[in-house]
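Student: I'd like to go over a predicted model; first the sequence, then the structure.
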Amino acid sequence: MAQSAPLILRLLASSVTAATRAGKIIKDVMTKGELGIVEKGLEKNDVQTEADRSAQRCIVASLSKQFPDVTIIGEEGQLSESDVPSDWIVTESDQSVLSANCPPSFVNTVPEDIVVWVDPLDGTSEYTEGLLDHVTVLIGVAVSGRAVGGVIHQPYYNYKTVPDTPGRTLWGLVGAGVGGFNPIDPPQDKFIITTSRSHRDGMVSNALKSLNPDDVISVGGAGHKVLVVLEGRAHAYVYASRGCKKWDTCAPEAILEASGGRLTDIHGKHYSYDKNVSFPDNQGIFATARTVDHDALVSKLPQEIKDAFPY
């Protein structure tokens, strides 16, 4: 069945199993206690651990082996795949994805049209601080520049109540729906926004104030914040800043839109995930649940805030 399925389904099905294996690697590194933390750049809280590096090597090696002609871009850059342990290379496919109905527009998608964006450990700062429920593994699939498929794996899902949790893996394909979870609509009697816990400045605060939420949930990781929206704990994820990158948002955007929600920049425009684009999401993030009028909410942002993020 796997070989007869369209490429987009086979790639997404393999991404589910690769993300799950990467999640186990992340947990193994934490258990050993040797995180191997290094500073990546000049940005605040921009660190990398052995878990980031190892998880990416697992994902890239697994997908490259099966789909050698597909472009894969990982957050941690080019890492050696020559000595990847054999048990890190997974070639199994998730059957629930393979059995999904492929949208007609993706049936004949070819490798040259696809870019896979990998964030092997989204929420690295939270990982090092012990905020493990913020951690996700993100694999996004873009076709002709649009985010259309995605996988979010939570290695520590419910870890406080289930010590040996296997984690949870969610997936979505625009036009086919979502799997691994059931989206929940946010409450109707209040308006809640989620945003960054560690990358906050005056612009972010002003944007939130202009939307006048009843409550603000500050958490780490772009994947985690979109999960807060998908789980009905917030109506929107708003981030008027340049902190996110394409590997942070490709998978969450695809899953959110597959569920009926939307993720755009603060102007209401979709990002391009073509292989030649710059990595930063320079126009911020604006994501909404399926019950929210995305365009109406975007229109509430003051023009001076939008002008701060020109194209």
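Tutor: Noted; the coordinates are in hand.

Student: output the below-cut-off pLDDT ranges for the stretch 151-300 of the chain.
Tutor: The stretch 151-300 of the chain contains residues with pLDDT under 70 at 199-201.

Student: and the strands in it?
Tutor: If DSSP state E, counting those that start in this stretch is used as the criterion, the strands of the stretch 151-300 of the chain fall at 168-173, 177-179, 192-196, 215-219, 236-239, 262-264, 285-288.

Student: residues contacting the closest residue to Tyr159 other than its chain neighbours?
Tutor: Nearest in space to Tyr159, with sequence neighbours left out and distances taken as Cβ to Cβ, 6 or more residues apart in numbering, is Thr165 at 4.8 Å. To be clear about C-beta, it is placed using only N, CA and C from the backbone, and glycine gets the same treatment. By Cβ atoms under 8 Å, 6 or more residues apart in numbering, the contact list for Thr165 reads Tyr156, Tyr157, Asn158, Tyr159.

Student: by neighbours, which of these wins?
Tutor: Greatest neighbour count in the contacts of Thr165, by other Cβ atoms under 10 Å, goes to Tyr156: 22 neighbours.

Student: which residues touch the closest residue to that one other than its chain neighbours?
Tutor: Spatial nearest neighbour of Tyr156, excluding adjacent residues (Cβ to Cβ, 6+ apart): Leu132 at 3.9 Å. Applying Cβ under 8 Å, 6+ apart, we find Leu132 in contact with Met30, Glu126, Pro155, Tyr156, Tyr159.

Student: I'd like the residues you listed as TSV, with distance to Ala61 appended.
Tutor: As requested, the contacts of Leu132 are arranged in TSV below (distance: Cβ to Cβ, whole Å):
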residue	distance to Ala61
Met30	21
Glu126	26
Pro155	19
Tyr156	23
Tyr159	27
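
Student: ok, of those residues, which one's closest to Val115?
Tutor: Pro155 (24.6 Å; Cβ to Cβ).
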